[in-house]
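Undergrad: A structural model of the following input is requested.
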Amino acid sequence: MAVDELDTRILRLLLEQPRTSVREYARVLGVARGTLQARLDRLERDGVITGTGPSLSPAALGHPVLAFVHIEVTQGHLDDVGDALAAVPEIVEAFSITGGGDLLTRVVARDNAHLEDVIQKLISLPGVVRTRSEVALRERVPHRLLPLVEAVGRTARERALTS
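TA: Residues are numbered from 1 along each chain as shown. Below you'll find the model as predicted:
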């Protein structure tokens with residue numbers, strides 16, 4: 001899906017000012033509200049915009065410990081283990097991966113003892129062979145997409161200038 005310069009300007013506003021109205025976005029961008037809404041609809045339909053809900057802090061919800069848990073799975077049981085992971089509320093993300101292990105999960109916990117309990121729960125799941133955990137000490141680069149949006153915008157501008 002091609003993202004042009006207007007799309008990147010829209011995405012930047014959404015990231016920088018997520019609580020602003022569509023009418024205000026259109027005013028700031030200097031485009032008609034209908035044009036903006038059509039762009040937003042297309043960006044959602046194409047999967048560029050995947051959600052509009054608030055970003056929540058697990059630490060503020062009483063779960064300040066963050067760990068990355070690698071899970072090795074018995075061959076043929078990846079889907080079963082993935083489904084079982086979805087039932088563990090402390091798992092906030094899970095990915096199939098290459099390299100050491102089959103799954104990588106992001107796990108939050110109240111404290112280290114709670115983290116151990118969650119890991120023991122994971123180890124007991126049918127199809128789990130072993131786990132390997134790494135506890136995050138400090139977030140160095142928070143989840144962000146604005147630098148990527150800006151890079152896409154630069155590429156779109158450069159493409160427009162050379163065509």
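
Undergrad: Got the confidence number for Gly99?
TA: The score at Gly99 is 88. That number is its pLDDT.

Undergrad: Next, count neighbours for it.
TA: Gly99 has 7 neighbours, counted by other C-beta atoms under 10 Å. In short, each C-beta sits where N, CA and C put it, glycine included.

Undergrad: Are we agreed that it is in a helix?
TA: No: membership of Gly99 in a helix is not supported by DSSP: H, G, I helix; E, B strand; the rest coil, which gives coil.

Undergrad: Now do Ala59 against Glu139, distance only.
TA: Distance from Ala59 to Glu139, counting by C-beta to C-beta, to the nearest Å: 10 Å.

Undergrad: So for the two, which sits in the more crowded spot?
TA: Ala59 (12 against 9).

Undergrad: Does the residue nearest to Ile123 when sequence neighbours are not counted lie in a helix or a strand, and which?
TA: Distances taken as C-beta to C-beta, 6 or more residues apart in numbering put Thr131 closest to Ile123, at 5.8 Å, once the chain neighbours are dropped. Under the criterion of DSSP states H and E, Thr131 resides in strand 128-135.

Undergrad: Show me which positions of that strand end up buried.
TA: For strand 128-135, burial by neighbour count (16 or more other C-beta atoms under 10 Å) applies to 128, 131, 133.

Undergrad: Against which helices or strands is the following helix or strand past that strand packed?
TA: Of the helices and strands lying after strand 128-135 in sequence (DSSP H and E), the nearest is helix 146-162. Here helix 146-162 touches helix 5-16, going by 3 or more C-beta pairs under 8 Å, 6 or more residues apart in numbering; DSSP states H and E.

Undergrad: Mind listing residues that contact the helix it packs on?
TA: Identification of contacts with helix 5-16 by C-beta atoms under 8 Å, 6 or more residues apart in numbering yields 3, 20, 25, 28-29, 31, 36, 39-40, 43, 48-49, 145-146, 149-150, 152-153, 156-157, 160.

Undergrad: Good, we can wrap up now.
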